[in-house]
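# below is the sequence, then the predicted model.
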Amino acid sequence: MWNTIKQLWNRPDPLAGVDLALIEQLVELASPKIRLASRYKERLAPYLGWAEAQATATAAHLPAPVMLTSESWRQDRLLQLVFATPQRMHEVINQHGILAQWFYDWPLADSLCTLLVVTPHEQTRYGVSEQDGQLRQDVPQRLLTFRDHRLGRAVESPAALQALLPLQILDMVAGEARRSIELLEAEKTQLEDELGNARVMLRLASTSTPEAAADKARQEERIRSLTTELERSHQALNPDALCDILETQLAATPDLLQMSCREYRVNGLGMIDSEDGDALPLHLTEYTLARTPPIVRVLIPVLIQRQQIDAREDDAGGFSPAAL
């Protein structure tokens with residue numbers, strides 16, 4: 001008896017060293033109903049440790065940040081393809097007020113670091129090519145372009161961005177769990193609507209003829225089938241089942257989000273494997289989100305200086321520094 005009590009007393013804490021705030025953040029993103037599951041923190045803790053390690057390893061593949069300036073644009077082939085001109089680069093930087101707000105909140109900062117996310121697109125076009133001293137028309141040419149420019153959350157340094165990215169990956173994993181839960185909830189709502197309609201049709205059914213009686217029997221069978229499916233749907237949405245969904249997504253972190261490096265050789269117009277002397281090697285860091293179809297994006301860590309941000313119209317009244 002005493003030995004049993006000692007074993008229970010000396011049992012290690014399953015939550016020791018676990019970031020409980022991060023667990024709560026992921027649960028809030030996936031579904032707050034998970035908090036009703038029995039010992040949900042203890043269940044999620046080992047999966048969180050695994051997922052956090054995988055997300056950190058994935059973030060380590062990020063290249064060094066590049067400064068977004070006119071000079072770097074003239075020297076970097078990737079920036080030349082992502083932004084057609086330095087003016088276009090300036091437009092993208094100032095397209096949203098997020099970066100201006102960051103500098104407004106941190107008046108002593110001279111630069112910020114963030115992720116530029118773009119969608120790569122390969123297309124085939126037919127153009128003119130010189131081969132053996134002769135011009136040939138309608139030659140198939142592969143062209144690499146980028147679209148959907150987005151800037152991520154701003155931080156003060158590349159080190160801070162490296163620390164932030166694993167947390168953003170975990171948020172994305174929780175978002176995928178929320179997406180799965182929303183699909184289950186939509187299915188339950190549809191079943192409830194169908195079951196309600198079937199019950200109304202049953203109340204209106206008649207047995208005055210053999211055909212009507214057969215229709216009523218089929219309607220009763222459909223109601224029984226829908227009721228069984230609805231019970232299964234309710235079970236899939238109970239708190240313990242929702243916790244299982246988040247556990248599954250955390251365990252599948254390396255399969256859910258994969259980061260890879262793709263190499264091209266392109267010229268200044270974006271033509272792949274061009275034979276002219278302007279072609280240069282190009283290295284892209286891509287991440288692929290496992291969906292149907294897969295979502296592929298190119299990640300470019302960038303540094304942006306304060307002087308590249310257009311002044312805010314309300315700056316005349318001073319500044320409001322962020323809370324320390």
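Good, I have the coordinates.
# quick check: Leu164 touching Ala154?
No. Contact criterion CB atoms under 8 Å: Leu164 and Ala154 do not qualify, at 9.9 Å. The way it works is simple: take the backbone N, C-alpha and C, and place the C-beta from them, glycine included.
# what about the two, which has more around it?
Legend: neighbour count by other CB atoms under 10 Å for Leu164 and Ala154, higher for Ala154 (22 against 18).
# how about the helices in the stretch 1-150 of the chain?
In the stretch 1-150 of the chain, the helices defined using DSSP state H, counting those that start in this stretch lie at 2-9, 20-30, 40-59, 70-75, 77-82, 86-93, 98-105.
# OK, contacts around Trp50?
250-251, 253 (CB atoms under 8 Å, 6 or more residues apart in numbering).
# how much space separates it from Ala57?
As for Trp50, its distance to Ala57 is 11 Å (criterion: CB to CB, to the nearest Å).
# likewise for Phe103?
32 Å.
# which one's more surrounded, the two?
Neighbour tally, Phe103 and Ala57, criterion other CB under 10 Å: the higher count belongs to Phe103, 23 against 13.
# now do the contacts for the more buried one.
Phe103 touches 109, 112, 306, 309, counting by CB under 8 Å, 6+ apart.
# most neighbours out of these, which is it?
If you rank the contacts of Phe103 by neighbour count (other CB under 10 Å), Leu112 sits at the top with 23 neighbours.
# would you confirm that it contacts Gly152?
No. Assessed by CB under 8 Å, Leu112 is found out of contact with Gly152, at 10.9 Å.
# so where's the stretch 1-150 of the chain shaky on pLDDT?
When residues are selected by pLDDT under 70, those of the stretch 1-150 of the chain lie in 1-16, 127-138.
# let's see 90
1-20, 49-50, 58-62, 95-98, 122-143 (pLDDT under 90).
# so what touches stretch 212-226?
By CB under 8 Å, 6+ apart, stretch 212-226 touches 191, 194-195, 198-199, 201-202, 205-207.
# list the buried residues of that stretch.
For stretch 212-226, the neighbour count (16 or more other CB atoms under 10 Å) marks 215-216, 219, 223, 226 as buried.
# inside helices: which ones of those residues?
Judged by DSSP state H, the subset of the buried residues of stretch 212-226 located in helices is 215-216, 219, 223, 226.
# could you dump those residues to CSV with distance to Ile23?
Output for these, formatted as CSV (distance: CB to CB, whole Å):
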residue, distance to Ile23
Asp215, 53
Lys216, 52
Gln219, 47
Ile223, 41
Leu226, 37
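# which among the residues you listed gets closest to Ala21?
Leu226 (42.0 Å; CB to CB).
# for Thr124, see how far away the closest one is.
49 Å.
# scan this structure for its longest strand.
Taking DSSP state E as the criterion, the chain has its longest strand at strand 111-131.
# quick one: buried residues of it?
So for strand 111-131, counting by 16+ other CB under 10 Å, buried means 111-116, 118, 120, 129.
# between that strand and helix 86-93, how big is the angle?
140 degrees (axes from the mean of the first three to the mean of the last three CA atoms, to 10 degrees).
# dump strand 111-131 to CSV, restricted to CA.
Written as CSV, here are the backbone C-alpha positions of strand 111-131 (Å, rounded to 0.1, in the frame of the first residue of the first chain):
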residue,chain,number,x,y,z
SER,A,111,14.4,47.8,-40.5
LEU,A,112,12.2,44.8,-40.2
CYS,A,113,12.2,41.2,-41.3
THR,A,114,9.3,39.3,-42.8
LEU,A,115,8.3,36.6,-45.2
LEU,A,116,7.4,37.4,-48.8
VAL,A,117,5.1,34.6,-50.0
VAL,A,118,4.4,34.2,-53.8
THR,A,119,2.7,31.6,-55.9
PRO,A,120,5.0,30.1,-58.6
HIS,A,121,3.5,29.4,-62.0
GLU,A,122,5.0,27.6,-65.0
GLN,A,123,3.4,28.1,-68.4
THR,A,124,4.3,27.1,-71.9
ARG,A,125,4.2,29.7,-74.7
TYR,A,126,5.3,29.7,-78.3
GLY,A,127,7.9,32.2,-79.4
VAL,A,128,10.8,32.9,-81.6
SER,A,129,14.2,31.2,-81.0
GLU,A,130,17.5,31.3,-82.7
GLN,A,131,19.0,27.8,-83.5
